[in-house]
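Quick one, fold the following:
(one chain, ligands or ions: 1)
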Amino acid sequence: MYYLDPYRLEFEARVVERIDVGAKPGVILKSTCFYPTSGGQPHDEGHLNGVPVVNVFEREDKAIVHVLAAELRDDTVHGAIDWERRFDHMQQHTGQHILSQAFLEILRAETVGFHLGQVACTIDVDKAPLAVSQLDRVEDLANEIVFADRPVKTHLVAEMELASLPLRKLPTAETPVRIVEVEGFDYSPCGGTHCRRTGEVGLVKITRVERRGQDTRVEFLCGDRALADYRGKNRTVNELANRFSVGAWELAEAVGRLAEEARSNKRELNAAKNRLLDYEAAELLAEAEQRGDVHVVRKAFTDREGEQVKRLALRLMESEGLVALLGLAGKKAQLFFACSADLPYDMNDFLKRACKVVGGGGGGRRRFAQGGGTDGSKVGEALEIAYERLLEVET
Ligand SMILES: [Zn+2]
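Below you'll find the predicted structure:
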């Protein structure tokens, strides 16, 4: 019945067979308005005597199976189709016919695939890459056909007559073939549900394209979906434009300026941090503990970036006669040991011993080594162990 009248939403029918589909009950009816998943279009939903129909598919013998949410014992049923879902599919599907023909007329691009998804619809066309201006022309023609509100008709055509029609694609079904005609524009064999006039399709909008080798995947939306998409995007654009205090058309420029500002701020901040480290290093040097000719800086930090502590250690090792034993205590422990060139200590050796206390490991070279562990509370103890090692080693 969906072939004869896609606008018919209610019907009565006799149950002719009951089957199990997985764990769910299924019924086959004498006739039905429920469209089964096929030709890229998803199935209808609705109710049979109040029981939800959760899936509809065509069995190998062409029987249409209605998969139900619960058992249905009645011999005759009253069927009701969910119109919102059906009409959405009709809009997307009819829009696809129009869009495919527009691709053919404007770019000589054939449609080689179609998918009607929950959110987006796609067609694959056999041309790539496609320029924005080309896509605009295709979109313009598709919408011109919509606004002209042309009738959409279906014909059952015998094999003999098929040759005389300007078909966009060849039929795969047996004759007589069902041909869907967008009056004077597109003829294609199709078993789906379609709007009766192109005006019902509403706006046809290409939302995204993606090159796939020699083909292009074209994402598009029609009718209510296009409106919902426009509504959401408009809201986002207005929100952003308000935040930037610019008009929507100046948004890209405003975002570009913000990104450039962020980059330059980051550069300046890094430079400032580096200058601060110089001061901090000088301060630590002034407070260093002196043991003979060796100055020792021993300090555990909290609440700062490991990278900063590391840089501090690297700065300190530029001085003469200095060993820096720096730690960072937080959730985890980090250790940075550095030694100036004129001293013979092995920081790798110090670090390996210290890391055992914080439950981790690390390594490096003789003059600089870094590591850490999982126990942030033992950083002080780890530094103590390194310090004791320093006292043990003869210079
Ligand atoms: Zn169709």
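
For the ion, what is the nearest residue in the stretch 201-350 of the chain?
Closest to the ion within the stretch 201-350 of the chain is Val201: 11.7 Å, counting by C-beta to the ion. In short, each C-beta sits where N, CA and C put it, glycine included.

The chain now?
For the chain, the residue closest to the ion is Cys190, as judged by C-beta to the ion, at 3.2 Å.

ok, now how distant is the residue of the stretch 201-350 of the chain closest to the ion from Met347?
Distance of Val201 to Met347, computed by C-beta to C-beta, to the nearest Å: 73 Å.

Let me see the confidence value for the closest residue to the residue of the chain closest to the ion other than its chain neighbours.
Nearest residue to Cys190, sequence neighbours excluded (C-beta to C-beta, 6 or more residues apart in numbering): Val180, at 4.5 Å. Val180 carries a pLDDT value of 94.

quick one: contacts for Val180?
97, 152-154, 186-190, 192, 194 (C-beta atoms under 8 Å, 6 or more residues apart in numbering).

Neighbour-wise, give me the winner out of these.
His97 (28 neighbours; other C-beta atoms under 10 Å).

Wait, that one touches His194, no?
Yes: if you go by C-beta atoms under 8 Å, His97 and His194 touch, sitting 7.3 Å apart.

I'd guessed the residue of the stretch 201-350 of the chain closest to the ion sits against Cys222; true?
Yes: using C-beta under 8 Å, Val201 is in contact with Cys222, at 5.3 Å.

Report the set of residues contacting both of these two.
91, 94-95.

Cross the residues you listed against helices and list the overlap.
In helices, defined here by DSSP state H, the members of the shared contacts of Val201 and Cys222 are 91, 94-95.

ok, those vs Val125, which is closest?
Gly95 (14.7 Å; C-beta to C-beta).

what about dumping the CA coordinates of the helix or strand hosting the residue nearest to Cys190 to PDB?
Secondary structure assigned from DSSP states H and E places Val180 in strand 177-182. The C-alpha coordinates for strand 177-182 follow below in PDB (Å, rounded to 0.1, in the frame of the first residue of the first chain):
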ATOM      1  CA  VAL A 177       9.500  -1.300 -13.200                       C
ATOM      2  CA  ARG A 178       8.300   1.500 -10.900                       C
ATOM      3  CA  ILE A 179       9.600   4.800 -12.200                       C
ATOM      4  CA  VAL A 180       9.500   7.900 -10.100                       C
ATOM      5  CA  GLU A 181       9.300  11.000 -12.200                       C
ATOM      6  CA  VAL A 182      10.000  14.500 -11.000                       C
END
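
tell me which residues in that strand are buried?
Across strand 177-182, burial judged by 16 or more other C-beta atoms under 10 Å covers 177-182.

Beyond that strand, next helix or strand please.
Downstream of strand 177-182 (by DSSP H and E), the next one is strand 186-189.

where do the helices sit along the stretch 51-200 of the chain?
83-107, 132-147, 159-162 (DSSP state H, counting those that start in this stretch).

Deepest-packed of these, please.
helix 83-107 (a mean of 22; mean count of other C-beta atoms under 10 Å).

so Leu343 makes contact with Leu322?
Yes: counting by C-beta under 8 Å, Leu322 is a contact partner of Leu343 at 7.4 Å.

and for these two, which residues touch both?
Common contact partners of Leu343 and Leu322 (C-beta under 8 Å, 6+ apart): Val294.

Quickly note the distance from the nearest residue to Glu45 once chain neighbours are set aside to Ala102.
Take Glu45 and drop its neighbours on the chain: the residue closest to it by C-beta to C-beta, 6+ apart is Asp82, 4.6 Å away. According to C-beta to C-beta, Asp82 and Ala102 sit 30 Å apart.

for the lengthiest helix in the chain, packing partners?
In the chain, with assignment by DSSP H, the single longest helix is helix 251-286. Contacts defined by 3 or more C-beta pairs under 8 Å, 6 or more residues apart in numbering; DSSP states H and E place helix 251-286 against helix 223-244, strand 294-302, helix 306-316.

Make JSON lines from the ones you listed and add mean neighbour count and mean pLDDT to it.
Output for the helices and strands packed on helix 251-286, formatted as JSON lines (neighbours: other C-beta atoms under 10 Å; pLDDT from 0 to 100):
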{"stretch": "helix 223-244", "mean neighbour count": "14", "mean pLDDT": "96"}
{"stretch": "strand 294-302", "mean neighbour count": "18", "mean pLDDT": "95"}
{"stretch": "helix 306-316", "mean neighbour count": "19", "mean pLDDT": "94"}
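
now those as a markdown table including distance to the ion?
Output for those, formatted as a markdown table (distance: least, C-beta to the ion, whole Å):
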| stretch | distance to the ion |
| --- | --- |
| helix 223-244 | 15 |
| strand 294-302 | 67 |
| helix 306-316 | 60 |
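
pull the longest strand from the protein.
Counting by DSSP state E, the longest strand found in the chain is strand 10-21.

After that one, heading C-terminal, what element do we hit next?
That would be, after strand 10-21 and using DSSP H and E, strand 24-29.

Endpoint to endpoint, stretch 371-382 covers what distance?
The first and final residues of stretch 371-382 sit 11 Å from each other (C-alpha to C-alpha, to the nearest Å).

Tell me how far that stretch lies from the chain's centre.
Averaging C-alpha positions (C-alpha atoms, centre = their mean, to the nearest Å) puts stretch 371-382 40 Å from its chain's average.

What of stretch 291-304?
49 Å.

ok, now stretch 140-151?
That offset, for stretch 140-151, works out to 32 Å (C-alpha atoms, centre = their mean).

Name the residues that touch that stretch?
95, 98-99, 102, 105-106, 182-185, 196-199, 201-204.

Touching stretch 100-110 from outside, list them.
With C-beta under 8 Å, 6+ apart as the criterion, stretch 100-110 contacts 111, 114, 123, 125-127, 130, 134, 137-139, 141-142, 145, 168-169, 182, 185-186, 188, 216, 218.

Report the separation between Val77 and Val177.
31 Å.

so how far is the worst-scoring helix or strand of the chain on mean pLDDT off the chain centroid?
Across the helices and strands of the chain, mean pLDDT, DSSP states H and E gives its lowest value to helix 159-162, namely a mean of 72. Taking C-alpha atoms, centre = their mean, one finds the center of helix 159-162 at 45 Å from the center of the full chain.
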